[in-house]
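Visitor: Dropping a prediction and its sequence here:
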Amino acid sequence: MNFAKNKKIQSVFAAALLAILCFVAYSPTLTHQFMIDDYLYTTKQVSHTFNQMSDYFTKTASHHYEPLNIFINVTLFKFLKTPPLLYLTNIGLFSLNCFLFFILILRLSKNFMLALISALLFCLHPYNADMIQHITFNIIFVTFTFMSLSLITLDLSLNDRLLKRYYFISLFFCVLAALSQEISIIFPAYVAILLYYKKTPLKKIFILALPYFLMSLIQFSLWFFLAKPKLMIMNHAHRFQLTFEANIANFCHTIQWYLSNFIYPQSIVFMYSFDPIKSHIGLYCLWFFVIAVIVIITLFLFRKRFYSFALLFFLTGFIIVFPASRSRPIYGILMEPYWLYFSSIGIFTLTALLITSVYKKINKTLYWLFLLTLCAFLFYHSQKQLAVGRDELTYTEYWLKKSPDNLLARGILGELYIYNPIPISNDLILPMINNTKIYVRDNHQDLALKLGEKILLKTLPTEQRIDMLSLMAAAHEKNGDPIKSRKIVNQLITTNSNPNIYIQISSIFDQVAMPDEAIKILDQCLNVYPQFKEAYLLKGIILGNQDKYEASIKVWEKGLEVDSKDTRFMRLIEDAQKLYSLREGQSSSPKAMRQ
């Protein structure tokens, strides 16, 4: 038989190769423990809510509407129960995804080598390795399966006389994808791209794609009204009152993070977060403009080229990135790689196109050596990625190191340290101190005290130990034990015979929403050190932050009596006068305020 011309043999070969590679590469997950989110099903928190089949379609477990996701995981965790079987399911589903990837590219490009190399790169990349080691990401693989099958059957309908049969099968798979996970909400865009690449007339594109867009609209409506994502977003939306240019900069940063880890995987996590970008905004905007020009040129001038299809397919995934990155404002701007799992078909295909384009231009031995080296490079980094996912603690420590501003990672890790007899990693002490600060501020005093006790077992630098003891004092105060609180504060003051100790303690109290206690500590400082101007400065700031402008001005005026040349006091007094004037609508002179 002629392998090069027999598509069935090619498909069987590709399926076998991809399945073997998937098992070899990802069999280490069979020794992994349960991971983040698995507890929702291991503790049956979700299954207790969904008692009848109708519950899966009328109730939600979170700010997501994904009935098939809940049904599949409730069923899997009920019957499989142990991690190895659940991870084996992920490997099987991912193998199917790789094969469907191969089939889709083979059908569209008619190029076996291109399709196989694209699928191999997809199979071995650490982005997907990270997804496999999260059991509940099985729904992403299921959604990919339905979306791929929908595109494949749509393509069949364009090349077969039995148009209606394949077209309606495609619509059916689209419905299943919509019920699985919200990344499918932009699936109609992929449909339009495929139709456009197949040189379908614009009128026919509109007619054929319209049902997909209508299903997407229904999916969005069900999600919006049943899961109510708006409530979660609006509670912290004030964090994202950004300019148009700043929004573009943050969007471009998410693209940069994804592409940098695509090229050289070194900080892949399932949820990356960062505070809104404030610098290099102009440079980001220029980058965005260049990308937009490339997309427009590709769309209109190179419609017949397969790389134009691949580029548009990949960039389409970013339609969902902008709104999704703001879906949890409390955590900052987010980037979750699974949002681009389906659209990554495009970038892996582009990479394979680049590789195959040099096949005829270089020595064949060098070509195959390069390809094997690239696969080995990806395999190595996938194994590194799997090594950090052997259990929840190891993964969360790694996650926080790679995304240090991630409040979710910090919160999960804090509770792992609290409830398990495990030492705190030395390079995560500072994040855990910040975690304790959040616990005190948000009135979770028991958690703060437990975590604080573990942190204080470590050998800490002087400044960190003072901060930690100050937090413990604040926690005891909020917990209704002022005697313990005062004892810790007095010990700190006695041990550190320096007026700056008062500043450090009162700053911590102020940061955990205890301004009155902070002012008492500063008053104590001024009784002992009446010429210590920093105490006047901080006391006035704390009062000003409570909109007590008259009181803050009086304090800063006393500070000026101590040091009449300190311009900080003058500037703060002037600012406070302006704010007071705006609030009261009267003269901003200190004299008028005192009256």
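Guide: Good, I have the coordinates. Numbers count the residues shown, from 1 in each chain.
Visitor: How about the contacts made by residue 149?
Guide: Applying Cβ atoms under 8 Å, 6 or more residues apart in numbering, we find residue 149 in contact with 100, 170, 173. From N, CA and C alone the C-beta is placed, and that goes for glycine too.
Visitor: want to try CSV for those, with secondary structure, pLDDT and distance to residue 38 as columns?
Guide: What follows is the contacts of residue 149, written out as CSV (DSSP: H, G, I helix; E, B strand; the rest coil; pLDDT from 0 to 100; distance: Cβ to Cβ, whole Å):
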residue, secondary structure, pLDDT, distance to residue 38
100, helix, 97, 26
170, helix, 95, 33
173, helix, 97, 28
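Visitor: Looking at those residues, which one is closest to residue 205?
Guide: Minimum distance to residue 205 across the contacts of residue 149 is 14.3 Å, recorded for residue 170 (Cβ to Cβ).
Visitor: pretty sure the closest one is touching residue 146, no?
Guide: No - applying Cβ atoms under 8 Å as the test, residue 170 and residue 146 come out as separate, 10.2 Å apart.
Visitor: if we can go back for a sec, highest neighbour count among the contacts of residue 149?
Guide: Comparing the contacts of residue 149 by number of neighbours (other Cβ atoms under 10 Å), residue 170 comes first, having 22 neighbours.
Visitor: Next one: it from residue 52, what distance?
Guide: 31 Å (Cβ to Cβ, to the nearest Å).
Visitor: Next: residue 425.
Guide: 45 Å.
Visitor: More neighbours: these two, which one.
Guide: Taking other Cβ under 10 Å, residue 425 and residue 52 do not tie; residue 425 has more neighbours (16 against 8).
Visitor: How much space separates the more buried one from residue 444?
Guide: Distance of residue 425 to residue 444, given as Cβ to Cβ: 22 Å.
Visitor: same check, this time on residue 206
Guide: Taken as Cβ to Cβ, the span from residue 206 to residue 444 is 54 Å.
Visitor: Those two - which one has more neighbours?
Guide: Ranked by neighbour count (other Cβ under 10 Å), residue 206 and residue 444 place residue 444 first, with 17 against 13.
Visitor: For that one, give me its contacts.
Guide: Taking Cβ under 8 Å, 6+ apart as the definition, residue 444 has no contacts.
Visitor: And the pLDDT at it?
Guide: At residue 444, the pLDDT value in this model is 89.
Visitor: try residue 582
Guide: pLDDT, read off for residue 582, is 77.
Visitor: hang on, it in a helix?
Guide: Yes - counting by DSSP: H, G, I helix; E, B strand; the rest coil, residue 582 is found in a helix.
Visitor: quick one: average confidence on stretch 61-79?
Guide: So the average pLDDT for stretch 61-79 ends up being 84.
Visitor: buried residues in it?
Guide: By 16 or more other Cβ atoms under 10 Å, the buried positions in stretch 61-79 come out as 61, 63-74, 76-77.
Visitor: where does the stretch 301-450 of the chain have low pLDDT?
Guide: The stretch 301-450 of the chain contains residues with pLDDT under 70 at 303, 360.
Visitor: ok, residue 181 to residue 141 distance?
Guide: 10 Å.
Visitor: tell me the secondary structure for residue 278?
Guide: The three-state label given to residue 278 by three-state DSSP is coil.
Visitor: Can you get me a residue count around it?
Guide: When neighbours are counted by other Cβ under 10 Å, residue 278 comes out with 10.
Visitor: Quick check: closest non-adjacent residue to it.
Guide: residue 246 (7.7 Å; Cβ to Cβ, 6 or more residues apart in numbering).
Visitor: Quickly find the element holding the one you found.
Guide: Secondary structure assigned from DSSP states H and E places residue 246 in helix 244-263.
Visitor: can you check residue 147 too?
Guide: Going by DSSP H and E, residue 147 is in helix 138-159.
Visitor: Tell me how far that helix lies from the chain's centre.
Guide: Taking Cα atoms, centre = their mean, to the nearest Å, the mean C-alpha location of helix 138-159 is offset from the chain mean by 26 Å.
Visitor: re earlier: which helices and strands does the helix holding residue 246 pack with?
Guide: With contacts defined as 3 or more Cβ pairs under 8 Å, 6 or more residues apart in numbering; DSSP states H and E, the packing partners of helix 244-263 are helix 126-132, helix 281-301, helix 318-324, strand 333-335.
Visitor: Would you mark the buried spots in it?
Guide: Going by 16+ other Cβ under 10 Å, helix 244-263 has these buried residues: 246-255, 257-258, 261-262.
Visitor: just the residues you listed now: which is nearest residue 453?
Guide: After measuring the buried residues of helix 244-263 against residue 453 - Cβ to Cβ - the closest member comes out as residue 257, at 36.3 Å.
Visitor: isn't the closest one right up against residue 272?
Guide: Yes - judged on Cβ under 8 Å, residue 257 makes contact with residue 272 at a distance of 6.0 Å.
Visitor: Mind listing the shared neighbours of those two?
Guide: Residues touching both residue 257 and residue 272 (Cβ under 8 Å, 6+ apart) are residue 335.
Visitor: Just the buried positions in the helix holding residue 147, please.
Guide: Result for helix 138-159 [16+ other Cβ under 10 Å]: buried residues 138-158.
Visitor: How far away from the center of its chain is stretch 412-430?
Guide: Mean C-alpha position of stretch 412-430 versus that of the full chain (Cα atoms, centre = their mean) differs by 21 Å.
Visitor: Quick one: residues in contact with it.
Guide: Counting by Cβ under 8 Å, 6+ apart, 36, 392-393, 396-397, 399-401, 431-432, 435-436, 439, 447, 450-451, 454-455, 457-458, 460, 464 sit against stretch 412-430.
Visitor: What of stretch 491-502?
Guide: 466, 469-470, 473, 505, 521-522, 524-525, 528-529, 532, 534-535.
Visitor: repeat that for 6 Å
Guide: Stretch 491-502 is contacted by residues 469, 521, 525, 529, 532 when judged by Cβ atoms under 6 Å, 6 or more residues apart in numbering.
Visitor: got it, and stretch 178-185?
Guide: Contacts for stretch 178-185 (Cβ under 6 Å, 6+ apart): 66-69, 139, 142-143, 147, 177, 215-216, 219-220.
Visitor: Take these and write them to a markdown table, including distance to residue 114.
Guide: Shown next, in a markdown table, are these (distance: Cβ to Cβ, whole Å):
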| residue | distance to residue 114 |
| --- | --- |
| 66 | 33 |
| 67 | 37 |
| 68 | 32 |
| 69 | 33 |
| 139 | 29 |
| 142 | 26 |
| 143 | 25 |
| 147 | 21 |
| 177 | 25 |
| 215 | 31 |
| 216 | 30 |
| 219 | 33 |
| 220 | 35 |
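Visitor: Going by distance to residue 368, which of those residues wins?
Guide: Nearest to residue 368 out of the contacts of stretch 178-185 is residue 147 (Cβ to Cβ; 32.5 Å).
Visitor: Now do the contacts for the closest residue to that closest one other than its chain neighbours.
Guide: Among residues not flanking residue 147 along the chain, residue 177 sits closest, at 4.8 Å (Cβ to Cβ, 6+ apart). By Cβ under 6 Å, 6+ apart, the contact list for residue 177 reads 143, 146-147, 184.
Visitor: could the contacts of residue 149 go into JSON lines alongside distance to residue 578?
Guide: JSON lines is the format used below for the contacts of residue 149 (distance: Cβ to Cβ, whole Å):
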{"residue": "100", "distance to residue 578": "64"}
{"residue": "170", "distance to residue 578": "64"}
{"residue": "173", "distance to residue 578": "62"}
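Visitor: No further queries at this time; thank you.
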